[in-house]
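Asker: what's the 3D shape of this:
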Amino acid sequence: MVLNNEIARDLLEIKAVQIRTDRYFTWTSGIKSPIYCDNRLTMSYPKIRAKIAEAFIELIEQLDEKPDVIAGCATAGIPHAAWIAEKLNLPMIYVRSKPKGHGKGNQIEGKVEEGQKAVVIEDLISTGGSSIDSAKALQSDGVNVLGILAIFTYGLTKAKKQFAEAKLSFQTITNYDEVLKLLVSDGVIDQNENDKLRDWRNEL
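Answerer: Sure thing, here's the model as predicted:
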């Protein structure tokens, strides 16, 4: 996909994705990480979010089957799902991380019917847990999940393993390796730093 390089650069330029080789970020889990990813920032950049929607649609068009509905993962996948659904003139729903604690107690918001086909839209795949949970919630309601699509992935082995175990496919627009290539080509990091950054990811 031509857009994967462009969008990787966009994410770096707006600091949605940041790489620090000298002073690692601390994730919520406590893991020390050289990468920080906050794709929610893309909402504030109309040209970039439109490009992301276009890239998502390219991925959808490559699927063997076409979706009846676009499903967004709460919360960061919701706006992207909405923009995609609008462009494709398709219904949209979103999936909460857990059923609502009041009212009707819905986990899936919007109208979806048993037997419909859906793609799940996420902003980021780390271990894949939240995306898989959303897909399973849809499957439990009789929805056929065609796959999970996200803007970015770290490329963790754990994610690949979890998706395989759940028998779910996933694709992303761009990824950690694409970002590293750009940083090397721009002279931001050297080959030694690049190797260390890859080793960090591969050892997780």
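
Asker: this structure: helices as residue ranges?
Answerer: 3-13, 46-61, 78-88, 129-140, 157-166, 176-185, 191-203 (DSSP state H).

Asker: identify whichever of the ones you listed lies nearest to Arg23.
Answerer: Ranking the helices of the chain by proximity to Arg23 (C-beta to C-beta) places helix 191-203 first, at 13.2 Å. C-beta coordinates here come from the backbone N, C-alpha and C atoms, glycine included.

Asker: and the closest one, what's buried?
Answerer: By 16 or more other C-beta atoms under 10 Å, the buried positions in helix 191-203 come out as Glu193, Asn194, Leu197, Trp200, Arg201.

Asker: out of those, flag the one nearest to Ser140.
Answerer: Closest approach between these and Ser140, by C-beta to C-beta: Arg201, at 32.4 Å.

Asker: I'd say the closest one and Tyr176 touch.
Answerer: Yes: taking contacts as C-beta atoms under 8 Å, Arg201 lies within contact range of Tyr176: 6.1 Å.

Asker: spatially, what comes nearest to the residue nearest in space to the middle of the chain if we skip its sequence neighbours?
Answerer: For the chain, Ala150 is the residue whose C-alpha lies nearest the centre (C-alpha atoms, centre = their mean; 2.4 Å). Nearest residue to Ala150, sequence neighbours excluded (C-beta to C-beta, 6 or more residues apart in numbering): Glu122, at 4.2 Å.

Asker: now render the helices of the chain as JSON lines, adding distance to Ser33.
Answerer: Supplementary listing: the helices of the chain in JSON lines, determined by distance: least, C-beta to C-beta, whole Å:
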{"stretch": "helix 3-13", "distance to Ser33": "16"}
{"stretch": "helix 46-61", "distance to Ser33": "23"}
{"stretch": "helix 78-88", "distance to Ser33": "23"}
{"stretch": "helix 129-140", "distance to Ser33": "17"}
{"stretch": "helix 157-166", "distance to Ser33": "14"}
{"stretch": "helix 176-185", "distance to Ser33": "11"}
{"stretch": "helix 191-203", "distance to Ser33": "8"}
